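1. model this:
(2 chains, ligands or ions: 5)
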Amino acid sequence: MAKYKYHILICGGTGCRASESDQIHKQFDIILEEKSLEEDIQVIQTGCFGFCEKGPIVKIMPDNTFYTQVKPSDCLEIIEEHIIKGRSVNRLLYEDPETKKHVEDSKHMGFYKKQLRVALRNCGFINPEDINEYLANDGYLALANVLEQKNPMAVIETLKKSGLRGRGGGGFPTGLKWEFAAKNKGDQKYVVCNADEGDPGAFMDRSILEGDPHTVIEAMVINGYAIGSTMGLVYIRAEYPLAIQRLKIALDQALEYGFLGDDILGSGFNFNIDIRYGAGAFVCGEETALIHSMEGNRGEPTFKPPFPAESGYKGQPTNVNNVETYANIPVILNKGWEWFSSIGTEKSKGTKVFALAGKVNNVGLIEVPMGTTLREIIFEIGGGIKDGKEFKAVQTGGPSGGCLTQKHLDTPIDYDNLLASGSMMGSGGMIVMDEDDCMVAIAKFYLEFTVEESCGKCSPCRIGNMRLFEILEKICAGNGTREDLDQLRNLGNVIKDASLCGLGQTSPNPVLSTIDNFWDEYVAHVDDKKCPAGVCRDLKRYEIVPEACVGCTVCARNCPVNCIEGERKQVHFIQQDLCIKCGACYDKCKFNAIIIK
Amino acid sequence: MSHVKIVLKTEQVDEIKAICKAFHNDEGELINVLHKVQTFFGYLPAEVQEVIAHELRMSVAKVFGVVTFYSFFTMKPKGRFPISVCMGTACYVRGAEKVLDEFKRHLKIKVGESTPDGKFSLSSLRCVGACGLAPVVMVGEKVYGRVSSEDVKKIVAEYND
Ligand SMILES: Cc1cc2nc3c(=O)[nH]c(=O)nc-3n(C[C@H](O)[C@H](O)[C@H](O)COP(=O)(O)O)c2cc1C
Ligand code: SF4
Ligand code: SF4
Ligand code: SF4
Ligand code: FES
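-> Ligands and ions are numbered 1, 2, ... in the order given. This is a model prediction of the structure:
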């Protein structure tokens, strides 16, 4: 990178691309050419910086200046002011919400201060479409060393000692998994990368593949060498076109440079990687279902044992790991297991990537050491709750996880603590909720997801979850009883115990954890027929407070069914029998004259 | 399967056959074949599934079983401007349901349906990975971020010439 004076890094992740980061790239190219600056300044489109909330992001190196919400029309000013005159463009800098000061260097942003980037080390720094940039950052060094040392068992030993556990949900020790696969005999073993990422609201794996695809390729080749396999498969969601495109480019480059294919780096070891596409079924993230799907079948899970390490793809020993798990491996081998195991808690080593989303100020992709507390994540990195509202809950682990509350804010998060709190690590989705969210409705939302995604193979999951969902619907509609609450608990526990695969075994978690933590809210729905958060439509009633209404007519003009009456400058009122409870009037009234009862 | 019978043109049948052949008419490649055919044909009606089953030498029932299992595959044609509202968790907690309701009301169709003129179809999907922009709506390939129910009219109007 040395020959350029400045590097302009533009985020090319899905989020920022959706807000025209492509156009910004083009605009910079045009301006640099006009000003004949192409020789001195390089424009690079990188993977996600993580700070999606304020995208599109443009970063100027080596100054480390971090511009947010950049528009194509800002490019000229950035070049003229920053690049030519050396003054940063203040209005585009991130403003610290507390001090109201502009932050010049991204290292001082609250969002980055507590983060430690291991799996995401290259995301937002290198151009994912250029293998040379990966190489310049120790890329393929671990692979070269492994092939030179010719000791597959030593690789597995290192991973075992590092304490790395699977990042796809289960948290199984990776070294141990590789050891099983290495010991099992087969004609053609397989290495599979699970990039299905079905948890809605999570985008860790996608960002890694978009921002640093080579690290996953490198780790898969190492995986192949360690367990004696020559064939790798990446199972990726078809909904991730950008990740697929970057992965394909990276595979071609790796092949061309001799890190893939026959006789890798002259070692005599052969390894190839193929891509398989998912087709929108959450259960296909489960490893046995994933394998059936890769074989061209319906993605239904099967009972374990046999584990994939014994009999997986085409009946052969198969090692399945998650994208983020893989992204950790080259660094562990380069920096040593001692380094890795010095990060984190006793039983959970290293870092974890989370997709922080929902009602938090800084939505984005973050990576923190295991053992960081929810408070640090939500209030320091996440910058607190949006619009000054009250924190209510956070869901970790997606549809398989549970809701954690105020009382869990100071628990250091790792696999075991989350499990003990009634949730789970899952793949890393983290959805923050505030006082306006109804926990019964949230539980219903997750159950609706489960019902849709259950493969239907076993009845506790297929029928049981449907029943849970129906009961929740009944409660939200104001027809619930106390018996229904008992029923939710009993049925939930039966489903957990009796289901065949991980989907059913965890699906009642959102219900059980919200009942445990928000009992009063359930009771309010059932006994008082009230939704305290004002979400459940059938329990809502919009009313205009006569004292507060100034008769501005805004509500009446915005009501889609014209059910608000009143003359200009006169108190308005709502015809309750016609109101469809859309909330438009409530959102529009500037005088807080409309209340939800 | 579907109510309206359609008749495939010879070129279309040839194209489907060519796609199957590109995957060596291998039964194990069924999902890849379906992806390719759907990209080419837009959807996977029964008649198309029959051709695929014949080429890969497998039962139509098995092809049908796979098509209906995966939500990415559709047996109904989409509108010229397919509208998808993200109903992933991040979008849901930021009000995606209201946006979806407004689309339903405005276009007078349900999720999974198309307008009678075939112009718009409405679907919900799970997380396009732009959660920072929640709630997110896609029209074709174009992504709209931070959509509120009031924006719905404007978005639809962009496609009404
Ligand atoms: C319903 C269900 C969905 C899953 N979805 C995913 C997923 O999207 N991505 C993933 O890596 N693992 C997922 N898993 C976990 C996989 O079964 C498997 O444990 C994992 O890919 C192993 O990799 P790891 O050890 O590196 O975590 C899911 C499990 C279940 C039960
Ligand atoms: S638990 Fe649910 S998803 Fe898993 S096999 Fe049974 S029905 Fe299918
Ligand atoms: S918008 Fe508020 S103040 Fe204006 S008429 Fe309606 S209720 Fe009254
Ligand atoms: S909630 Fe909607 S339908 Fe009811 S009065 Fe307000 S704007 Fe009209
Ligand atoms: S939940 Fe809608 S984009 Fe992620």
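2. any idea of the pLDDT on the residue in the stretch 301-450 of chain A positioned nearest to ligand 4?
-> Minimum separation of the stretch 301-450 of chain A from ligand 4 (CB to the nearest ligand atom) falls at residue A:436, amounting to 15.7 Å. C-betas here are computed from N, CA, C, even on glycine. At residue A:436, the pLDDT value in this model is 92.
3. Report the secondary structure state of it.
-> Secondary structure for residue A:436, judged by DSSP: H, G, I helix; E, B strand; the rest coil, is coil.
4. how many other residues sit next to it?
-> Neighbourhood size, residue A:436 [other CB atoms under 10 Å in any protein chain shown]: 16.
5. Then residue B:83?
-> Residue B:83 - counted by other CB under 10 Å - has 25 other residues nearby.
6. so which helix or strand takes in it?
-> Using DSSP states H and E, residue B:83 sits within strand B:81-86.
7. before we move on, what about residue A:513?
-> Using DSSP H and E, residue A:513 falls in helix A:509-517.
8. One more: residue A:129?
-> Residue A:129 belongs to no helix or strand, assigned by DSSP H and E.
9. Contact partners for it?
-> A:45, A:246, A:249-250 (CB atoms under 8 Å, 6 or more residues apart in numbering or on different chains).
10. just checking, which of those belong to helices?
-> In this view, the contacts of residue A:129 that belong to helices under DSSP state H are A:246, A:249-250.
11. Go ahead and build a ChimeraX selection from the buried members of the residues you listed.
-> Of the ones in helices among the contacts of residue A:129, the buried ones go into a single ChimeraX selection, burial set by 16 or more other CB atoms under 10 Å in any protein chain shown:
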select /A:246,249,250
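12. now check the worst-scoring helix or strand of chain B on mean pLDDT, is it near ligand 5?
-> Lowest on mean pLDDT, DSSP states H and E among the helices and strands of chain B sits strand B:142-144, with a mean of 88. No. Residues of strand B:142-144 are not located near ligand 5 by CB under 6 Å from any ligand atom, the shortest gap being 9.0 Å.
13. Following that strand in sequence, what is the next regular element?
-> In the C-terminal direction from strand B:142-144 (assignment by DSSP H and E), the next one is helix B:151-158.
14. If you count contacts, what does that following helix end up packed against?
-> helix B:96-107, strand B:137-139 (3 or more CB pairs under 8 Å, 6 or more residues apart in numbering or on different chains; DSSP states H and E).
15. by how many degrees do it and helix B:96-107 diverge?
-> Calculated by axes from the mean of the first three to the mean of the last three CA atoms, to 10 degrees, helix B:151-158 forms an angle of 50 degrees with helix B:96-107.
16. residues of helix B:151-158 that come out buried?
-> B:152, B:155-156.
17. Kindly report the same for stretch A:10-27.
-> Result for stretch A:10-27 [16+ other CB under 10 Å]: buried residues A:10-22, A:24-25, A:27.
18. repeat for stretch A:399-419
-> The neighbour-count check on stretch A:399-419 (16+ other CB under 10 Å) flags A:399-405, A:408-409, A:411-415, A:417-418 as buried.
19. Now, the buried residues of stretch A:10-27 that are in strands?
-> A:10-11 (DSSP state E).
20. wait, which of the contacts of residue A:129 is closest to chain B?
-> residue A:246 (13.3 Å; CB to the nearest CB).
21. Might one say that that closest one is in contact with residue A:214?
-> No. Using CB atoms under 8 Å, residue A:246 makes no contact with residue A:214, being 9.7 Å away.
22. intersection of neighbour lists for the two?
-> residue A:128.
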